[in-house]
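Engineer: Show me how the following folds:
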Amino acid sequence: MKSILENMKTGEVQTYDIPAPELRAGGLLVRTEFSAISAGTERVKVETGEKSLLQKALARPDLVKQVIDYGRHNGIQAAIQKVRARLDTLNTLGYSCAGTVLQVGEGVTGFRPGDRVACAGANYATHSEINFVPQHLASHVPASVSLDAASLATIGAIAMQGLRQAKISFGETVAVIGAGLVGILAIQMARAAGCRVIAIDRNASRAKQAAEMGAHLGLSSEDAGLLPAVQAFSRYGVDAAIITAATSSTEPVELAASLLRDRGRIVIVGDVGMGVSRQNMYMKELSLLMSRSYGPGRYDAQYEEAGNDYPIGYVRWTEQRNLEAFLDLLATGAIDVSGLLRHRYPVQFGAKAYDEIRSGGAYTAIIEYAAQRETAAAAEVLQPQPQRNSGALRIGLIGAGSFGRSVIVPNLKAAGNASLHSVASLSGVGAESARQACGFSRAATPADLLNSPEVDAVFIASRHDSHAAYVQAALEHDKPVFVEKPLAITRKQLASIRDTYNAARLPFLMVGFNRRFAPATGKIREFFAARREPMMVQVRVNAGFLPPEHWAHADGGRIVGELCHFVDWARAMVGVPIRYVSASSLPDGARYRQDNVAVTLAFSDGSIGNLVYLANGDRSVPKEYFEVSCEGKTARLDNWASLRLAVQGRERTVKAGRDKGHRREIELTVKAMRAGLSPIAFDEIVEVTETCFAIVDSIRTQRSIEVNVLGDALNVAADTTAQGAEAPCTVDDGVGVHAGLTSKTANLLGQ
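Structural biologist: Numbers count the residues shown, from 1 in each chain. Okay, here's the model as predicted:
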């Protein structure tokens, strides 16, 4: 399908052929007929993209600080890779469109294929031939409303929310400062509500056009007679001022304060400077309010993504209901947008449409999509497939985000004997970005990638809640699969994966527990290789605060999604099964979500692991600290930067180079995929995952929980050889010593 995208590095806007998005639960696939470019918001977005790296840094010092903090904890090279991955990205444009429903996802009510809908939302209602849209970001279009007019619904909802914040009433005088697209729609709606409306803009021509399109009076803010004219028209001063301008200047707010009557209201819709003199605000006792986008529900993942509506008795006007109300105004003829629909461009000429907007000659540009189009999900191959070595493993990557592109892809290239064949993402945009930036042969949907006979092996780096389904699909297609942690976020998913793995013809599964493959980890295991006593393992993770609405809390939580790394590290260090788990967490309250946790792991040989995972620590403290003691020796690893080994009163320091094991992990995985033996035994992967579920259970019940994964299969004693089981092997692969391996896997790693 065709989509208008922006290159984040250069700011260039171009139409691309990309895969269509996949249908998901809770949403719709919509075939777009028309989409509208918002002259203000999207012009600023594109202009920001055109800035140099230095200019971007100066414009967003908050992001620069984040990069510096990331580099401090993860190393400069990791920070550089993260920035490069972010810049080598194609970004969606648009957030207001209209079209026809193609498919309806699980759990969606009130919509069916063939329905005409208006859609809202950045990254959802984009300038693309097909969009995935959550159900609360779509509204039915009345039969009397054309779809080109309905494509303005989101922008109309923004204007409407501003008027609602102003609490305007019949007969009041409203000043709309900024006569652009949102301003014109606000003017028409205020007039439809029975208000007397003044349009004010720096551009006298725009002010005049606003008067022709609904305002009772159009004035230039540069006119010396502005204040007397407003006073004469309003009699008492303006009741409410809606600021829809976009400027870093504080002039619009100051102007609004000077125009308002005593106890008047200012509502800020546009991106303007917020400064205003106290004297003006104080003497009139003015109210200053913000209007947040389309209405209540915006930026609330529970509303927009999870589909949880607000009760109408408590929240009358959500963003979806604002969309409906705007469409009703179009249906009754209370507002007329025909004058805004003149500038039209086919989707393949998207760059010209944005040039028109940047020239300032139009309120909006309407993007048109062909009546007949391909609805197939797969995109065309935009470049010839490169020549491959005959023995190269053809890799398919699902998940085109920062981690996949900055960590998995570079290490796949470094591993050798692998070629980048296909990359897939739910939206299609990320897939095309990764194809161009990383050198994949083609962009695809996840379903096409998994079905392709040309893909030999699958790597999964998508969101946590999608891991289990993709793993099962890969196994069902007899493809070896590597999945970033976690393997699953529920026991039901884990049980399904186990059943699929056991039934697979060629089962191969590897989970991205990279820290066990780090050079420092190998050095510690080597340090304790001859131990005959239980170990004491302590890990402190200063994970940092995540807002309660962050997706990681919903997708299994941070215990299952990240603490699993450190459960696995302790498991790999000790080298025997985990028998029991005891865990406690600080009360969550409104700020935390079960992410201040203390865990004790009891191993089958008597070893103990103490894991402390923190969200309430100071970010200046290094993220990860490990300490292992046994038989009068202690190893201390501080945030992967330095390793200290102490024995007999002497301590030596080994530089770790901040290597967390990703390179070796990917190298071993690619090698193992050919041999069919995962670097981590499947039973051990299941054990670590089940241990994380047991931690959650222990916190909930405040009891010690036995880790029982596959009946009694994994809860064997440490001396399994006495029961006829294969003795665990140890091998030095040149990076470190790997313990607890079967002989077959040990032979593989030693090659």
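
Engineer: Could you use CA atoms for every contact and neighbour count after this?
Structural biologist: Noted.

Engineer: domain ranges for this protein?
Structural biologist: Residue ranges for each domain of the chain read 2-152+301-368, 157-290, 393-462, 515-749, as given by automatic domain parsing.

Engineer: so A570 makes contact with V537?
Structural biologist: Yes: taking Cα atoms under 8 Å as the definition, A570 is a contact partner of V537 at 6.7 Å.

Engineer: remind me, longest helix of this protein?
Structural biologist: Longest helix in the chain, counting residues (DSSP state H): helix 682-701.

Engineer: Tell me the buried residues in stretch 138-147?
Structural biologist: 138-142, 145, 147 (16 or more other Cα atoms under 10 Å).

Engineer: Also stretch 515-525?
Structural biologist: 515-525.

Engineer: Next SSE downstream of the helix or strand harbouring D148?
Structural biologist: Taking DSSP states H and E as the criterion, D148 maps to helix 147-150. Along the chain past helix 147-150, the next helix or strand (assigned with DSSP H and E) turns out to be helix 153-166.

Engineer: How far away from the center of its chain is that next one?
Structural biologist: 26 Å (Cα atoms, centre = their mean, to the nearest Å).

Engineer: which other residues reach it?
Structural biologist: Helix 153-166 is contacted by residues 38, 95-97, 118-121, 181-183, 185-186, 189-190, 240-242, 265-269, 289-295, 319, 322-323, 326-327 when judged by Cα atoms under 8 Å, 6 or more residues apart in numbering.

Engineer: ok, now stretch 248-255?
Structural biologist: Stretch 248-255 is contacted by residues 177, 243, 245, 266, 271-277 when judged by Cα under 8 Å, 6+ apart.

Engineer: And for stretch 17-26?
Structural biologist: By Cα under 8 Å, 6+ apart, the residues outside stretch 17-26 that reach it are 1-3, 29, 103-108, 130-132, 134-135, 305-307, 375-380, 382, 425-429, 431-432, 443-445.

Engineer: out of those, which are buried?
Structural biologist: 1-3, 29, 103-105, 108, 130-132, 134-135, 305-307, 377-379, 425-429, 431-432, 443-445.

Engineer: residues contacting L185?
Structural biologist: So L185 contacts 156, 159 (Cα under 8 Å, 6+ apart).

Engineer: That one belongs to a helix?
Structural biologist: Yes: checked against DSSP: H, G, I helix; E, B strand; the rest coil, L185 lies within a helix.

Engineer: That one and L163: what is the separation?
Structural biologist: According to Cα to Cα, to the nearest Å, L185 and L163 sit 11 Å apart.

Engineer: Following the chain onward from the one helix or strand A353 maps to, which element is next?
Structural biologist: Assessed by DSSP H and E, A353 sits inside helix 350-358. Under the assignment DSSP H and E, the closest C-terminal helix or strand after helix 350-358 is strand 364-368.

Engineer: Just say helix, strand or coil for A468.
Structural biologist: Assignment for A468 (three-state DSSP): helix.

Engineer: What number of neighbouring residues does it come out with?
Structural biologist: 22 (other Cα atoms under 10 Å).

Engineer: and the residue of the chain positioned farthest from its centre, how far is that from V269?
Structural biologist: Centroid-distance maximum for the chain: A232 at 51.5 Å, with Cα atoms, centre = their mean. Distance of A232 to V269, given as Cα to Cα: 26 Å.

Engineer: Quickly find the element holding Y613.
Structural biologist: Element membership of Y613, judged by DSSP H and E, is strand 608-614.

Engineer: Kindly report the same for F34.
Structural biologist: Using DSSP H and E, F34 falls within strand 27-38.

Engineer: Strand 364-368 and that strand, what's the angle between them?
Structural biologist: Using axes from the mean of the first three to the mean of the last three Cα atoms, to 10 degrees, one finds that strand 27-38 and strand 364-368 are set 140 degrees apart in direction.

Engineer: What strands flank strand 27-38, and is each parallel or antiparallel?
Structural biologist: strand 96-104 (antiparallel), strand 130-134 (antiparallel), strand 364-368 (antiparallel) (DSSP bridges).

Engineer: quick one, that strand and helix 153-166 angle?
Structural biologist: Going by the same axes, to 10 degrees, strand 27-38 makes 80 degrees with helix 153-166.

Engineer: from the buried residues of stretch 515-525, which is closest to G649?
Structural biologist: Among these, I524 lies closest to G649 (Cα to Cα), at 17.4 Å.

Engineer: How many neighbouring residues does the nearest residue to the closest one once chain neighbours are set aside have?
Structural biologist: If the residues on either side of it in the chain are set aside, I524 comes closest to A635, at 6.5 Å by Cα to Cα, 6 or more residues apart in numbering. Neighbour count for A635, taken as other Cα under 10 Å: 23.

Engineer: Please, where are all the strands along the stretch 151-300 of the chain?
Structural biologist: Counting by DSSP state E, counting those that start in this stretch, the stretch 151-300 of the chain has these strands, from start to end: 173-177, 196-201, 217-220, 238-243, 260-268, 287-290.

Engineer: give me the low-pLDDT residue ranges for the chain?
Structural biologist: Low-confidence segments of the chain, defined by pLDDT under 70: 43-87, 371-390, 709-751.

Engineer: can we see that at 80?
Structural biologist: For the chain, the stretches with pLDDT under 80 are 39-88, 360-361, 370-391, 656, 708-751.

Engineer: residue contacts, A301?
Structural biologist: By Cα under 8 Å, 6+ apart, the residues touching A301 are E549.

Engineer: What about it? Give its phi and psi, please.
Structural biologist: Here is the backbone geometry of A301 (degrees, to the nearest 10): phi -60, psi -30.

Engineer: what about the closest residue to V471 other than its chain neighbours, how many neighbours?
Structural biologist: With Cα to Cα, 6+ apart as the criterion, V471 has its nearest non-adjacent residue at 6.6 Å, and that residue is V481. When neighbours are counted by other Cα under 10 Å, V481 registers 27.

Engineer: start the count at 484, not 1, going forward
Structural biologist: With the count now opening at 484, the last piece we talked about shows up as V964.

Engineer: can you pull up the bridge partners for V964?
Structural biologist: Applying DSSP bridges to V964 gives these bridge partners: V941, L992.

Engineer: try R679
Structural biologist: Here R679, judged by DSSP bridges, has bridge partners T656.

Engineer: from what I can see L1160 touches M993, true?
Structural biologist: No: in this structure, L1160 is not within contact of M993 by Cα under 8 Å, at 9.2 Å.

Engineer: what about these two, which has more around it?
Structural biologist: Taking neighbours as other Cα under 10 Å, L1160 and M993 compare with M993 leading, 26 against 22.

Engineer: got a list of what the more buried one touches?
Structural biologist: 964-966, 1152, 1161-1163, 1165, 1168.

Engineer: Stretch 927-946: end-to-end distance?
Structural biologist: Using Cα to Cα, the end-to-end distance of stretch 927-946 comes to 17 Å.

Engineer: Give the buried residues for that stretch.
Structural biologist: Neighbour counts over stretch 927-946 (16+ other Cα under 10 Å) mark 927-933, 938-946 as buried.

Engineer: Give me the contact list for stretch 1169-1179.
Structural biologist: Outside of stretch 1169-1179, the residues within contact range by Cα under 8 Å, 6+ apart are 969-971, 973-974, 977, 1042-1043, 1046-1047, 1050-1051, 1054, 1060-1061, 1064-1066, 1082, 1188-1192, 1197.

Engineer: Distance from the chain centre to it, please.
Structural biologist: On the basis of Cα atoms, centre = their mean, stretch 1169-1179 sits 26 Å off its chain's mean C-alpha point.
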